[in-house]
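> The following block contains a protein sequence and its predicted model.
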Amino acid sequence: MRVRASLRWMVLTLAGLGCQEATQPNTVELARAPSKGPKIEVTDLGTLGGPYSEAFDINASGQVVGVADTPQGAQHAFLWVNGIMTDLGTLGGEWSVAYGINAAGQVVGESETADHVSHAFVWADGAMKDLGTLAGTMGYSIARDINGAGEIFGWSDASIDGGQHAVVWRKGRIIQLRDFLAGPEGYSGAEAAGLAGRVVGSSYTGQGDHAVLWDKRGIRDLGVLEGGYRSNAFDINPSGQVVGVSNLQDETEHAFLWTNGKMTDLGLLPGDRYLSVAFGISPSGQVVGFSGWYPHAFLWADGIMTALPTLGGRYSSASAINARGQVVGDSDLSDSPPDFIAGHAVLWTIK
């Protein structure tokens, strides 16, 4: 079983755009070189023995988590530290994916259980623990981030046939966040945790998802870019700046930066059309993500979007950035099949 772990495909699914522009490919040069900007070093993080890996998060110490193929063809969560990639195992099923890591090296994600359902997990001290769901053993759940206090954020279904709810796991308990923006039914999900109890994600409005911020006062709608009606938030930094994606009036999707109540369109890499997404933001406000229907990883800083180098292939995507200017994601290799948008986990270091 191949897990659809890629963040960029998750965005296309959430936005409902996977087929809309499939017949209108991007005309930009695919093997694009980085535009002028900072010096950037790119490192291949390897795999667990198979052909594929992808990195989703990095902590302040440079520890990286993600998902990689094993020699047997399964996909397992990994932890990469100082050049060594460790298989974190599963909850008894065939696959697992690691999405978040905190400063203490605690890892969270999702895994197939022996009952063939997806459950959130936390990995610490060499052991993976099932976090459970709102709906009992047969429900599903996903853990997307963990903060310094060990609080874990993600989402879960409320019953076997129920809606999806943003949740926090705190001191061994799963707690549903105050979630929906409109009506008693719908869905919501928590993506990333900031300071002072702030959490970002998305919530159903009746027309589509909106990026939201949860804090001690409840849930706040962060809105959309001008002309749009849907948005999703994926990360928040210690200053409370939020990044994500919103559609526009012409149904294109653009990365955004939300600061003090204002949502700014970050645009696209030169030559791109239709799509950009921001997945990560550093404490200093540097933003990473991808641009283009044939995606290419970018770094946005001081109003300039710079393409990040690849591992020799056509496609790439950046998922997270830490305070040291280390960026993680994935890139195709020079020998990757032309239509296979998956390669190896990557660490970009900004000099």
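Cool, the structure landed.
> all strands of the stretch 201-350 of the chain, in order?
Using DSSP state E, counting those that start in this stretch, the strands found in the stretch 201-350 of the chain span residues 209-215, 218-223, 231-236, 242-247, 253-259, 262-267, 276-281, 287-291, 296-301, 304-307, 312-321, 326-333, 344-350.
> could you dump the ones you listed to TSV with mean pLDDT?
Formatted as TSV, these follow (pLDDT from 0 to 100):
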stretch	mean pLDDT
strand 209-215	93
strand 218-223	92
strand 231-236	98
strand 242-247	98
strand 253-259	98
strand 262-267	98
strand 276-281	98
strand 287-291	98
strand 296-301	96
strand 304-307	95
strand 312-321	94
strand 326-333	96
strand 344-350	96
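> can you list those in a markdown table and add distance to Leu79 and mean neighbour count?
Glycine gets a C-beta too; all of them are placed from N, C-alpha and C. As requested, the strands of the stretch 201-350 of the chain are exported to a markdown table (distance: least, C-beta to C-beta, whole Å; neighbours: other C-beta atoms under 10 Å):
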| stretch | distance to Leu79 | mean neighbour count |
| --- | --- | --- |
| strand 209-215 | 28 | 24 |
| strand 218-223 | 32 | 16 |
| strand 231-236 | 20 | 27 |
| strand 242-247 | 25 | 27 |
| strand 253-259 | 28 | 23 |
| strand 262-267 | 30 | 16 |
| strand 276-281 | 18 | 27 |
| strand 287-291 | 20 | 29 |
| strand 296-301 | 22 | 26 |
| strand 304-307 | 28 | 19 |
| strand 312-321 | 14 | 25 |
| strand 326-333 | 12 | 26 |
| strand 344-350 | 11 | 22 |
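> Of these, which is nearest Asp57?
strand 312-321 (4.7 Å; C-beta to C-beta).
> relative to strand 296-301, how tilted is that closest one?
Using axes from the mean of the first three to the mean of the last three C-alpha atoms, to 10 degrees, the inter-axis angle of strand 312-321 relative to strand 296-301 is 40 degrees.
> Now do the contacts for Arg220.
Val212, Leu213, Trp214 (C-beta atoms under 8 Å, 6 or more residues apart in numbering).
> thought the second one was touching Ser203?
No. The pair Leu213 and Ser203 fails to qualify as a contact (C-beta atoms under 8 Å) at a distance of 10.2 Å.
> Quickly list what's touching both of those two.
Ile219.
> TSV please, covering the strands of the stretch 201-350 of the chain and showing distance to Asp115.
Shown next, in TSV, are the strands of the stretch 201-350 of the chain (distance: least, C-beta to C-beta, whole Å):
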stretch	distance to Asp115
strand 209-215	29
strand 218-223	32
strand 231-236	30
strand 242-247	33
strand 253-259	36
strand 262-267	41
strand 276-281	31
strand 287-291	35
strand 296-301	37
strand 304-307	44
strand 312-321	29
strand 326-333	30
strand 344-350	29
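> Which one, of these, ends up nearest to Thr43?
strand 344-350 (4.4 Å).
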